[in-house]
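Asks: 3D, please:
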Amino acid sequence: MKNFKLVLVATAVTFFSFTSKAQNQNDDTPVKRPRWYSEKGYWVVESTLQSPENATVYFYTNANQLIYSEKVTGTVLITRKHRVLMKLKRAT
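Replies: The predicted structure follows:
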C-alpha cells in the first residue's frame, strides 16, 4: 500500500510539473478583441431587479479609478445587446 501511494504521488508531481511548463510558454499572437472593447477604460452597470429601468453606470480608467457616474432612468440597459455595448464604448 505504501508503494502504491508513493507511485501515485510521484505520478501526480510529474503530471503537474509538465502542465505548469506548458502554461509558462509565451504566445505573442495578438488578441482579437470585440469591437465594443475600449482601450481607455471600462464601465460597470448597476441596477436592481425591482427597478431595472433605473440604472447607474460607473466609468473607470484602466487603472481602476472612477472617472464619473451617470444615472440612466426610464430605460432598461441590456448589456448583451451590441447596440448598447457600442453606446457605452462611445461614452467611455
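Asks: which SSE is residue 69 in?
Replies: Assigned by DSSP states H and E, residue 69 belongs to strand 66-73.
Asks: which other helices and strands contact that strand?
Replies: Packing partners of strand 66-73 (3 or more Cβ pairs under 8 Å, 6 or more residues apart in numbering; DSSP states H and E): strand 54-61. C-beta here means a position set from N, CA and C on the backbone, and glycine is covered the same way.
Asks: which strands and helices sit next to the strand it packs on?
Replies: Here strand 54-61 touches strand 41-47, strand 66-73, helix 82-91, going by 3+ Cβ pairs under 8 Å, 6+ apart.
Asks: Partner strands of the shortest one, with direction?
Replies: Just to be clear, that refers to strand 41-47. Take DSSP bridges as the rule and strand 41-47 pairs in its sheet with strand 54-61 (antiparallel).
Asks: May I see the buried residues of the partner strand?
Replies: Buried positions in strand 54-61, judged by neighbour count with 16 or more other Cβ atoms under 10 Å: 55, 57, 59-60.
Asks: again, but for stretch 81-88
Replies: 84-85, 88.
Asks: State the distance from the residue nearest the centre of the chain to residue 57.
Replies: Nearest residue to the geometric centre of the chain (Cα atoms, centre = their mean): residue 42, 10.2 Å. Using Cβ to Cβ, to the nearest Å, we find residue 42 at a distance of 11 Å from residue 57.
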